[in-house]
Structure formats: structure tokens, C-alpha cells
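Student: Next input, structure requested:
(chains A and B, ligands or ions: 2)
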Amino acid sequence: MSETILSIRGLTKTYRGGTRALDSVDLDIRKGEIFALLGPNGAGKTTLIGAVCGLVRPTGGTITAFGQDLAKDWRRARARIGLVPQELATDMFETVWRAVAYSQGLFGKPSDPARLEEILKSLSLWDKKDAQIRALSGGMKRRVLIAKALAHEPELLFLDEPTAGVDVELRKDMWEQIGALKQRGVTIILTTHYIEEAEEMADRVGIIQRGRIRMVDEKRAMMERLGTTEAVIDLAAPLDAIPEALAGFALELSGGGTRLTYRGGNGQGKGRAQVAELTQVLTRAGIGFTSLDIHDSSLEDIFVGLLGKHEEAA
Amino acid sequence: MHFNLRSAYAIYRREMARAFRTAFQSILSPVLTTSLYFVVFGSVIGARMEPVGGVPYGAFIIPGLLMLTLLGETTSNASFGIYMPRFTGTIYELLSAPVGVAETLTGFVGAAATKGLILAAIILGTATFFVDYQIAHPLLAALYIMLVASSFALFGFILGIWADSFEKLGIIPMLILTPLTFLGGTFYSIRDLPAPWDAVALANPIAFLVSGLRYSFYGVSDVPIAVSLGLTLGFLTVCVIIISVIFRTGWRLRE
Ligand SMILES: Nc1ncnc2c1ncn2[C@@H]1O[C@H](COP(=O)(O)OP(=O)(O)OP(=O)(O)O)[C@@H](O)[C@H]1O
Ligand SMILES: [Mg+2]
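Tutor: Ligands and ions are numbered 1, 2, ... in the order given. Below you'll find the predicted structure:
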């Protein structure tokens, strides 16, 4: 499809003390995409980002960014990579403006106040530009970190839980900002614990658990492959068994014959269509029902199901 | 070999800004310390002292006092400059930036040299209120001050990377640097020490630094100026090598 901007092969990291945070990770990131890395606490997300950004020394494996081996050509590559860390680490006594201007210079860019103004305005930080960072709220501090990461106009941007501690409204705002960055051609890799975030923004999703990539796929394909529709139907009168007329549907009878549960479909509307058909069949067969609850499985259900399966296997 | 001049300049500017943010303390504390030393040693005691090597005692102690403050301030300033980012986590930015040891040191050391000169100017300005003195080789003095400031900024940098607690950060300057400076001929010429202490005193590297600066001020010294300069340059080189190794291996910087 599109060209690969970042290619990770066999990346392994064992921390001092023996924790194996990354275990032979292979991953390709495509130019211009938004890639969401999902995984439980301690899965190795931050370590993976740290290895690419120069904060963590890999124990093994290779990282190729922009077609260059990062171990050799790190200087040129790093000038094109931006990082928003998970921890709120800021120079508390610095003003917002100076902190962001420093980042611009540190990454080798000529001073460009107009660009900084644009960045700060887009992150609603313009009126805080002369405030000391310590006087900002947590959500604002995180946006300062984002502004710092954008100051050198990176082509590849890592966002390690960008919306942690950010309120719902601002989170939506931030999604828009991230979408706008993508429009400008920035490739984005983000980690998050909010699955709806990945669902909302990502083109592709990778699931990491215990230092291993469990699955990487197009978000849509993943939902299609693993997505199901579930419908719970409470019956007016109990049934002894599932009637002949309903044999074509994937049904389960429970609650002493008073509850029918449908599970099927493909996360793409097929399930809902089947449920609609099912209700008609029920009516035609004279089987009354008192309530109907229907929902499509989310990425979250997929995620939990997938990790649970591996947990059992492990 | 690449060198990001803009990156180095950004680091330099930030280090300078950090000093100006605490300008009050950075200026007031050397002014106060120097004044106190002059009042006690220069005026009260100095009035009863013989000139040393033809230099009146009050003037004689200026280079030593300058060195005392310069070493302490430069070391602690540089060590904080790198320790705090490690402590707060803001070092992530430096580590992920397209800068290596060359840019980092250029920025840090350049700022330390500048701050050293400013500090020296403050101390020398304060001294004029207490004693009359003239600097024999002002250019040499300025260069020497920058050289010493750079060396001890590097030394402080190593300390700041080595330290894993605030206690360790303060312990080397307090337990080693200050005593050695005091014993290094700040207030006396080590030539005036009785044998064998004059020889023992020369085991103290800081005696060479004080002597070198005193030469640039008054043309008199305990040891030849070339030896002082050579020693300082040697120390600077060793520090640069150590820091290069630290950056190459990522010791205490990268996990
Ligand atoms: N500096 C370190 N020293 C030793 N072990 C570490 C270090 N940093 C992380 N680890 C360990 O490596 C594993 C992966 O940690 P990592 O921070 O990469 O996880 P994560 O996926 O980012 O988790 P979270 O969602 O909580 O941020 C964990 O077991 C963690 O304890
Ligand atoms: Mg993390």
C-alpha cells in the first residue's frame, strides 16, 4: 500500500533486573497513518516508544526510520521524530513560550515565532504563553508537552497516552488536532487505554501484551473479523426449546427458557440485519417478547476477548 | 560528523536563562560571601599581616577567594543543571533530540564559562570596595577563569549524572572541593608553609589553580604558570573523555 516510515525488527529489551519488556517485536508503520498501540499496563508500550526515540537502549533488534538504520543515522532521524511522553515532565519554572521555543532550537530548527504562535493557538495555549508551566493545570501541561513535540514539525510523532487526565471535551478537541496533523501528512503512533480513542482515530491498531505484538490489523478489518452483534431478547412466555422456525439463527436459550441470546454477524451491519429478521420470524411464529437489547461489540470487547484468550493459553 | 549549532545554542541560552532566573541569588550570594571574607581576612586580620611576595595581604587573597567561589558555584550550578532534568524527567527531551555529546557540552560549558566571567566580574567589583589592586595580565586572567569554569562545569556535569540523590549531589563540593580550596593556598602562599607541608600542599591540585590565577593577577606564583595551565587543561580533557564515555554507553542517562 503506502511506504513504510518506520520498521522494527526483532526488537528486544531486557531491563536491568531482568524484566523483559519487549520480546522480539516486529512492526511496520506506514507513512501518513495513525497507528494505535493498545495493551494493558506494563505491556511494553512506553518501552517500545523509548527505544525508537533514544530513551531506551535496545537489547537486540533493529529499528529503521525513514529508510535509515537508527543505530547509525540517529541524528538525522531524530530531527524528524517528535515525542510526547507519558509522564508530565516539564520545566516548571519556565514559561510556556520559552519552553516551546527551546524545543524548536534544540531540534535544530531556526527560530520561527509565527509557527510557535500557530501551534500554541491550535492547542488553546496562546493566552497562557507567558505563564509559568507550574501554574497550569494537568491537562494544560500535557498540551504544553504536545506543543513542544510539534515545535520542530516532526514527520513521525509519538503520543504516549496523549489524553490521559484530559477532560472529555478537550479529548474530543485533541482528537481533532491529531486528525489535523494527519491531514498535514504527519504519521502518528499513539498509545491509549481508551479504546474509543483508537476506534475513533486509528487507521490501524496493534495489540501488545507482555512485550509481544499479539495482533496488528486495519481497525476496520479487525472489527469485521472479530466484531459481532449481540441481541438479548426477553420472552413473554418461557420456551422448552428453540423452535424449528428459528433454527437458522445462532441462538442460545437461557433464564429458564425466558431469554434468547443472539450472537453473530460481522461488525458491519450483518448482525443487525439478522436480528431484524429474527424479530419478524418471532412475530410470525407467535412468540411474544417483552424487551430487546442489541449492541455491536466494540474494539474493547475484541481487545478483552483477545487478551483473555492469550492469558488462558499462557 | 554533524554538529547542530542551533541545538548547542538552544542549550546555551537555556542555561543562561536558568542563571538569570535565580539572578538575585547568583549575584547576592557571591557578593555577600566575598564581602564577609574581605571584612574578616582582608581588613581585620589583613591589617596585621605582612605582604606576601610583595603583594599586600588584602590584595593577595583576591585570586584565592575568586577561585573558592568560582569552583563552588560552577560545580554546583552545572551538577544541578543536569541532575534536575534527570530527577524531574525532562531529560527525555535532550535524549530524544538530534544532539550528541558535542552539542550538549558546547551549550553547557559555554554557558558555564560565561557565568564564570560574570561571577568573577561581580567578585572583583566587590573587592574594589575593600582593597586597591591591579591585574597584571587581565587577558590571561579572563582566559584562565573561563578555562577553570569550563573544567569544573564538566566536573559538575559528571557529578550530576553520577548522583542519584540530592545528598550525593552536595557531598563532593562540600567534602572535597571546599577543603581542598581552603588548603590550596587561598589565604596564604604555600611557599610559606614549613617543610614538609609545602610539599604536601602540592599534592592538592587546587593549589595549582589558585597559584595560576594569582600569577595572572600579580605575576607571582607558587608554581610556574605553565604547570597550572597544563594541569587545568589536563583536567578538562579527562572530564571530556569521561563524559564522552557516559554518552556513548548511556550510563545513568538511558535505560
Ligand atoms: N526503567 C525500568 N527499569 C526496569 N523495568 C522497567 C523500567 N521501565 C519499565 N520497566 C518494566 O518494563 C515493563 C514494560 O513497561 P512499560 O512502561 O513499557 O509498559 P507500558 O505498556 O507503557 O505500561 P503503561 O500502560 O502502564 O504505561 C513493565 O514490566 C515495567 O515494570
Ligand atoms: Mg506506558
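
Student: At the contact with chain A, which residues of the stretch 101-250 of chain B appear?
Tutor: With CB under 8 Å from any CB of the partner chain as the criterion, the stretch 101-250 of chain B comes near chain A at residues B:Gly250. Heads up, the C-betas are built off the backbone N, CA and C, glycines and all.

Student: residue in the stretch 101-250 of chain B nearest to chain A?
Tutor: Scanning the stretch 101-250 of chain B for the residue nearest chain A gives B:Gly250, at 5.3 Å (criterion: CB to the nearest CB).

Student: Apart from its neighbours in sequence, what residue is nearest residue 27?
Tutor: Using chain A here. Excluding the flanking residues, the one nearest A:Leu27 by CB to CB, 6 or more residues apart in numbering or on different chains is A:Ile8, at 4.4 Å.

Student: Correction: the question concerned chain B.
Tutor: Nearest to B:Ile27 is B:Ile122, by CB to CB, 6+ apart, at 5.9 Å.

Student: which of the residues in whichever strand or helix holds the one you found are buried?
Tutor: For B:Ile122, the host element (DSSP states H and E) is helix B:101-127. Judged by neighbour count (16 or more other CB atoms under 10 Å in any protein chain shown), helix B:101-127 contains these buried residues: B:102-120, B:122-124, B:126-127.

Student: follow-up on the earlier one: what separates the residue of the stretch 101-250 of chain B closest to chain A from A:Ala21, distance-wise?
Tutor: To A:Ala21, B:Gly250 is 16 Å away according to CB to CB, to the nearest Å.

Student: got it, and A:Phe66?
Tutor: According to CB to CB, A:Phe66 stands 25 Å off from A:Ala21.

Student: Same drill for the two, tell me which one is more crowded.
Tutor: A:Ala21 (23 against 18; other CB atoms under 10 Å in any protein chain shown).

Student: Am I right that that one falls within a helix?
Tutor: No: assignment of A:Ala21 by DSSP: H, G, I helix; E, B strand; the rest coil gives strand, placing it outside any helix.

Student: hmm, back to that, what is the subsequent helix or strand relative to the helix holding B:Ile122?
Tutor: Using DSSP H and E, the next helix or strand after helix B:101-127 towards the C-terminus is helix B:138-162.

Student: ok, now which ones touch the residue of chain B found nearest ligand 1?
Tutor: Going by CB to the nearest ligand atom, ligand 1 is nearest to B:Glu255 of chain B, at 4.5 Å. Applying CB atoms under 8 Å, 6 or more residues apart in numbering or on different chains, we find B:Glu255 in contact with A:Tyr15, A:Arg16, A:Gly50, A:Leu55, A:Val56, A:Arg57.

Student: Now list the buried members of those residues.
Tutor: For these, buried by 16+ other CB under 10 Å: A:Gly50, A:Leu55, A:Val56.

Student: Tally up the residues packed near residue 151, please.
Tutor: As the question left the chain open, I've gone with chain A. 24.

Student: my bad, chain B
Tutor: B:Ser151: 27 neighbours (other CB under 10 Å).

Student: wouldn't it be in contact with B:Thr232 here?
Tutor: Yes: using CB atoms under 8 Å, B:Ser151 is in contact with B:Thr232, at 5.8 Å.

Student: So which bits of chain A are right by ligand 1?
Tutor: Selection of chain A residues close to ligand 1 by CB under 6 Å from any ligand atom yields A:15, A:17, A:19, A:21, A:39, A:41-47, A:86.

Student: any idea which of those residues is closest to B:Thr178?
Tutor: Nearest to B:Thr178 out of those is A:Gly17 (CB to CB; 37.1 Å).

Student: Count the neighbours of that closest one for me.
Tutor: A:Gly17: 5 surrounding residues under other CB under 10 Å.

Student: All the helices of the stretch 101-250 of chain A, residue numbers only.
Tutor: A:113-122, A:138-150, A:168-183, A:195-201, A:219-226 (DSSP state H, counting those that start in this stretch).

Student: Same check on chain B?
Tutor: Counting by DSSP state H, chain B has helices at residues B:5-21, B:23-37, B:57-88, B:91-96, B:101-127, B:138-162, B:166-172, B:178-183, B:197-201, B:205-218, B:225-249.

Student: would a markdown table of these with distance to A:Ser122 and mean pLDDT be doable?
Tutor: Shown next, in a markdown table, are those (distance: least, CB to CB, whole Å; pLDDT from 0 to 100):
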| stretch | distance to A:Ser122 | mean pLDDT |
| --- | --- | --- |
| helix B:5-21 | 22 | 92 |
| helix B:23-37 | 34 | 81 |
| helix B:57-88 | 26 | 90 |
| helix B:91-96 | 20 | 96 |
| helix B:101-127 | 29 | 91 |
| helix B:138-162 | 36 | 95 |
| helix B:166-172 | 39 | 89 |
| helix B:178-183 | 51 | 85 |
| helix B:197-201 | 64 | 82 |
| helix B:205-218 | 52 | 92 |
| helix B:225-249 | 35 | 95 |
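
Student: Out of those helices, which is closest to A:Ser111?
Tutor: Proximity to A:Ser111 (CB to CB) singles out helix B:5-21 among these, at 8.5 Å.

Student: Which elements pack onto the closest one?
Tutor: Applying 3 or more CB pairs under 8 Å, 6 or more residues apart in numbering or on different chains; DSSP states H and E, we find helix B:5-21 packed against helix A:96-106, helix B:57-88, helix B:101-127.

Student: now for the shortest one, which elements pack on it?
Tutor: Read that as helix A:96-106. Helices and strands touching helix A:96-106, by 3+ CB pairs under 8 Å, 6+ apart, are helix A:113-122, helix A:138-150, helix B:5-21, helix B:91-96.

Student: and the angle for it with helix A:138-150?
Tutor: Angle, helix A:96-106 to helix A:138-150, by axes from the mean of the first three to the mean of the last three CA atoms, to 10 degrees: 30 degrees.

Student: Give me the angle between helix A:96-106 and helix B:101-127.
Tutor: 130 degrees.
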